[in-house]
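K.L.:
Here is my input, please return the structure:
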Amino acid sequence: MNDDIGEVTRGAAALLVVPEWHGQRLSRDLDARVEEAKGLAIAIGLVVVAAHPIRLRQTRAATLLGVGQIDAIKPDIAAHDVQVVIVDAALTAIQQRNLETAFGAKVIDRTGLILEIFGERAATAEGRLQVELAHLDYQAGRLVRSWTHLERQRGGFGFLGGPGETQIEADRRMIRDRMARIRRQLEDARRTRQLQRAKRQRAPWPVIALVGYTNAGKSTFFNRLTGSDVMAEDMLFATLDPTMREIGLPGIDKAILSDTVGFVSDLPTQLVAAFRATLEEVTTADLIVHVRDIVHPDSEAQYDDVRAILDSLGVNGAQDGEGGGDAPDAIPQIEIWNKIDTADPERRAVIAEMAARRPDVALISAVTGEGVDAARILMALQLTAQHQTLRIFLGFDQGDAMAWLHARGEVLSDEVQGEGHLLTVRLDPADRARFERLWPARPDATSAPTP
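P.N.:
Next comes the predicted model:
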């Protein structure tokens, strides 16, 4: 590391380097990659003064970039007084150190930048611990930074400032000890969440998890459905800590809606591992709602990125006839195609035609509210798709069973007959099984598929 490199602060000038490997078939548009990298830099308070998309014929072990490419970037660094160079790729410790020496500026890679954003945005104690663990795991093998930031109560801006590399062995021990303590604390938090989740599972309310690429509009959609004021800005990773609220849906008095962290391409493996406990909320949901920015030029690539992360979490819900619905742990999924209000008329017509052919898609604008009612209906239909219609006779003295059915099902009719009530009730299979366990002697319960 260059000891003459000054400290980086908010508002500092940043330069982007966006490598593209020659001959590599990329699913992402290069301009969209540059814009996303800019968004990441802006999210951490940096000012992007220049961007260099670079075609690489081969990867240099020492610097990633070629000598000529480095020389071509240097004038911009000098002209704009650049303090940090962001390389939108994964760098080794050697490459990072050599590029810092060559540029005379701080250098961070995509992983480091995302970790910094998470470190600054995490609001809960558990979220801060998860980010710190991820940051330590990322930095532990690099040994190109000092570890004075470990004394902080929250993460963020670990690449800013620092007196330089010192006492490597002591640092290693401190990192290992700190990581062990954090893992113990996170395990305690995980057990607490499991208890809370178990309580929710005993309750009658279904859980809906919103997932999607960062800045797809999940939090805006969440606020539209719940009337909440969760932070929703046109900014990457505006939401990090999961938020849950109660909502009502057509035919469903109460459901729990969970807003989760946005995904991103090349999400650091350290973060996926650190946030796995939080993302368990997705794996235990009754319905996964994938919110997409359908107008984004990389919408399909973003869809693939989200699906890949869900697969890594063991979520294999059926989509597009792929057969995932037969998996034993499959979770139903639907798609919300958001931001239709930003499309021009021609593009809008094409998207609308595509959506009309998909029974698992709702086309909306979370900002204007267009299509949100249709999305609510789609969510309710998906949650009740497996519900059964039962005719159940309850005696007048069985008010507890009556209350249970009203709380957990949809009572379609209630007729007084003889010594009790003949109810027509819609229940999901799990609640039907619970009812039959709780009141095994109840007579005359028949079922038929819900029309």
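
K.L.:
Determine the longest helix present in the chain.
P.N.:
Ordering each helix of the chain by length in residues (DSSP state H) puts helix 168-202 first.

K.L.:
Domains in the chain, by residue range?
P.N.:
For the chain, automatic domain parsing gives the domain ranges 1-195, 204-383, 388-449.

K.L.:
and the first one, how far out from the chain's middle?
P.N.:
It stands for domain 1-195. Relative to the chain's own centre, domain 1-195 is displaced by 20 Å; criterion: CA atoms, centre = their mean, to the nearest Å.

K.L.:
tell me the average confidence for it?
P.N.:
Mean pLDDT, computed over domain 1-195, is 79.

K.L.:
can you put the domains of the chain in CSV and add mean neighbour count?
P.N.:
C-beta: built from backbone N, CA, C; applies to glycine. Listed next are the domains of the chain as CSV, based on neighbours: other CB atoms under 10 Å:
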stretch, mean neighbour count
domain 1-195, 17
domain 204-383, 18
domain 388-449, 15
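
K.L.:
Whichever helix or strand comes after the longest helix of the chain to helix 168-202, inter-axis angle?
P.N.:
Per DSSP states H and E, the first helix or strand lying C-terminal to helix 168-202 is strand 207-212. Strand 207-212 and helix 168-202 are oriented at 140 degrees to each other (axes from the mean of the first three to the mean of the last three CA atoms, to 10 degrees).

K.L.:
neighbouring contacts of strand 207-212?
P.N.:
Under the contact criterion CB atoms under 8 Å, 6 or more residues apart in numbering, strand 207-212 has outside partners 200, 218, 221-222, 247, 255-260, 262-263, 281-282, 284-293, 306, 310, 379, 383.

K.L.:
Which ones among these lie within strands?
P.N.:
Among the contacts of strand 207-212, DSSP state E puts 247, 255-259, 287-293 in strands.

K.L.:
Enumerate every residue touching Gly395.
P.N.:
So Gly395 contacts Glu419, Gly420 (CB under 8 Å, 6+ apart).

K.L.:
do you know how far Arg307 is from Val289?
P.N.:
14 Å (CB to CB, to the nearest Å).

K.L.:
likewise Val416?
P.N.:
Distance from Val416 to Val289, by CB to CB: 40 Å.

K.L.:
do the same with Leu16
P.N.:
Leu16 sits 33 Å away from Val289, going by CB to CB.

K.L.:
Next: Ala433.
P.N.:
For Ala433, the distance to Val289 - CB to CB - is 26 Å.

K.L.:
Could you do Asp311 as well?
P.N.:
17 Å.

K.L.:
likewise Ile182?
P.N.:
For Ile182, the distance to Val289 - CB to CB - is 31 Å.

K.L.:
Low-confidence stretches in the stretch 251-400 of the chain?
P.N.:
268-271, 273-278, 280, 316-329 (pLDDT under 70).

K.L.:
residue ranges of the strands in it, please?
P.N.:
Secondary structure of the stretch 251-400 of the chain (DSSP state E, counting those that start in this stretch): strands at 252-259, 287-293, 333-338, 361-363, 388-395.

K.L.:
other SSEs contacting the third one?
P.N.:
By that I understand strand 333-338. The helices and strands touching strand 333-338, judged by 3 or more CB pairs under 8 Å, 6 or more residues apart in numbering; DSSP states H and E, are helix 218-226, strand 287-293, strand 361-363, helix 372-383.

K.L.:
now swap in the fourth one and tell me
P.N.:
For strand 361-363, the contact count by 3+ CB pairs under 8 Å, 6+ apart identifies strand 333-338, helix 345-356, helix 372-383 as packing neighbours.

K.L.:
Could I get the ones you listed in TSV, plus columns for distance to Asp137?
P.N.:
Supplementary listing: the helices and strands packed on strand 361-363 in TSV, determined by distance: least, CB to CB, whole Å:
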stretch	distance to Asp137
strand 333-338	30
helix 345-356	40
helix 372-383	37
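
K.L.:
between the ones you listed, which one is nearest to Leu115?
P.N.:
Nearest to Leu115 among those is strand 333-338 (27.1 Å), distances taken as CB to CB.

K.L.:
quick one, that closest one and strand 207-212 angle?
P.N.:
Comparing the axes of strand 333-338 and strand 207-212 via the same axes, to 10 degrees yields an angle of 50 degrees.

K.L.:
Pairing partners for strand 333-338, with directions?
P.N.:
Here strand 333-338 is paired, per DSSP bridges, with strand 287-293 (parallel), strand 361-363 (parallel).

K.L.:
would you turn the ones you listed into TSV with distance to Gly227?
P.N.:
Shown next, in TSV, are these (distance: least, CB to CB, whole Å):
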stretch	distance to Gly227
strand 287-293	17
strand 361-363	19
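
K.L.:
I'd like to know which of the ones you listed lies nearest to Gly399.
P.N.:
Comparing these by CB to CB, strand 287-293 comes nearest, at 31.5 Å.

K.L.:
and the closest one, how far out from the chain's middle?
P.N.:
10 Å.

K.L.:
tell me the contacts of the nearest residue to Trp21 once chain neighbours are set aside?
P.N.:
Ranked by CB to CB, 6 or more residues apart in numbering and with sequence neighbours excluded, the top spatial neighbour of Trp21 is Leu56, at 5.1 Å. Residues near Leu56 by CB under 8 Å, 6+ apart: Pro19, Glu20, Trp21, His22, Leu64, Leu65, Gly66, Gln69.

K.L.:
for those, which one is nearest Gln139?
P.N.:
Relative to Gln139, the closest of these is Leu64; by CB to CB it sits at 18.7 Å.

K.L.:
Helices of the chain, residue ranges please.
P.N.:
30-43, 67-79, 93-103, 110-121, 125-140, 168-202, 218-226, 269-274, 276-283, 299-312, 345-356, 372-383, 399-408, 429-438.

K.L.:
Kindly reformat those helices as a markdown table containing distance to Leu423.
P.N.:
What follows is the helices of the chain, written out as a markdown table (distance: least, CB to CB, whole Å):
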| stretch | distance to Leu423 |
| --- | --- |
| helix 30-43 | 53 |
| helix 67-79 | 73 |
| helix 93-103 | 67 |
| helix 110-121 | 49 |
| helix 125-140 | 43 |
| helix 168-202 | 23 |
| helix 218-226 | 30 |
| helix 269-274 | 47 |
| helix 276-283 | 34 |
| helix 299-312 | 39 |
| helix 345-356 | 38 |
| helix 372-383 | 21 |
| helix 399-408 | 6 |
| helix 429-438 | 11 |
